[in-house]
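1. please work out how this folds:
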Amino acid sequence: MKRRTLPVATALAATAVLLLTACGSGDDKASDNDKIAGADQGSATPKESASASGAPAEDKPDGVDVSLPKDMNLVFDWDKPKDKNEAAAMDDAANFVRAIYHGVDKRTSKDAAVTAYSTGEGLTYAKTQIDSRVDDGWTATGTRRHYQATTRSASNGNSVEVAFCVDSSKFYGKEVKTGEVVKTKPSTADFDYFKIVMVKYPTGEGLWQASKVYVETKAEKCQ
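-> Numbers count the residues shown, from 1 in each chain. Prediction:
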């Protein structure tokens, strides 16, 4: 699977976001002994993947495209963890985000990238994000920045929680029919905090999939 860079869509259109459960305001530095939701899923060995800055990796299944149009820019401003599994999970968390907006651009939630990089509740979340924008006639344009990323592994090694901030202040809604870009004033609503539970794909492809997605909106920790 070729890794490409892709941005995350705007929250301009009122979207029915599935289980955008707020993470709450607990201590972000949770201990390694804390249980990660979905930690009992998966059973494969990931391969070392490319940097989370958006460089493509060459070790994924063929035929999956997560490329985006030039006016959609996803920036992953974070460092790769030293742990091989956590680095691979972080890369595919970025690809999960890319897959969502590849689907938005292609106007379908049945895109191969969506099913490649997500499973279970993560897949339902991705499809809900895409379908809501398609149904409302919106796509996205601009730059969305992802930063302050952390990773936390489950004790069994099959699950990694990837958490990060998102700044959408320069990422806008664009009406598909007219091409009109709707810009909003910067506000606390532009900042979200994501926790994505990544699980190993169970056939040794070196692939990690998003199985659960939690979002804290208007996240003060990200401003």
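
2. what residue lies at the spatial centre of the chain?
-> In the chain, the C-alpha nearest the mean C-alpha coordinate belongs to V97, at 2.9 Å (CA atoms, centre = their mean).

3. am I right that V166 is in contact with A149?
-> No - V166 is not in contact with A149 according to CB atoms under 8 Å; the separation is 10.4 Å. (C-beta placed from N, C-alpha, C; glycine too.)

4. neighbour-wise, which of these two wins?
-> When V166 and A149 are compared for neighbours, V166 comes out ahead with 23 against 20, by other CB atoms under 10 Å.

5. first-to-last residue distance for stretch 72-92?
-> According to CA to CA, to the nearest Å, stretch 72-92 extends 19 Å from its N-terminal end residue to its C-terminal end residue.

6. what confidence value was assigned to the residue nearest to the centre of the chain?
-> Taken from the predicted model, the pLDDT recorded for V97 is 98.

7. cool, W78 as well?
-> Predicted confidence (pLDDT) at W78: the value is 96.

8. that older thread, tell me the SS of the residue nearest to the centre of the chain?
-> Per DSSP: H, G, I helix; E, B strand; the rest coil, the secondary structure class of V97 is helix.

9. so it touches M72, yeah?
-> No - at 11.3 Å, V97 and M72 do not qualify as touching, with contact defined as CB under 8 Å.

10. now name the helix or strand holding the nearest residue to V182 once chain neighbours are set aside.
-> Using CB to CB, 6 or more residues apart in numbering and skipping residues adjacent in sequence, the residue nearest V182 is G173, 4.9 Å away. In this assignment (DSSP states H and E), G173 forms part of strand 159-175.

11. can you give me the helices for this protein?
-> Along the chain, the segments classed as helices by DSSP state H run 84-106, 112-117, 120-136.

12. per-residue confidence for P202?
-> With respect to pLDDT, P202 has a value of 84.

13. next: T21.
-> You'll see T21 listed with a pLDDT of 28.

14. what does T108 give?
-> Per-residue pLDDT puts T108 at 97.

15. contacts only, for it.
-> By CB atoms under 8 Å, 6 or more residues apart in numbering, the residues touching T108 are 130, 134.

16. try 10 Å
-> Going by CB atoms under 10 Å, 6 or more residues apart in numbering, T108 touches 102, 114, 127, 130-131, 134.

17. could you list the low-pLDDT ranges of this protein?
-> Scanning the chain for pLDDT under 70 picks out 1-63, 204.

18. quick one: the strands in it?
-> 72-77, 138-153, 159-175, 181-182, 191-200, 208-217 (DSSP state E).

19. endpoints of stretch 165-185, how far apart?
-> With CA to CA, one end of stretch 165-185 sits 19 Å from the other.

20. ok so, going back, which residues do V166 and A149 both contact?
-> Common contacts of V166 and A149, defined by CB under 10 Å, 6+ apart, comprise F194.

21. quick one: V182 and F76, what's the gap?
-> The span separating V182 from F76 equals 25 Å under the rule CB to CB, to the nearest Å.

22. go ahead and confirm R133 touches G103.
-> Yes - with the criterion set as CB atoms under 10 Å, R133 and G103 qualify as a contacting pair; they are 8.9 Å apart.
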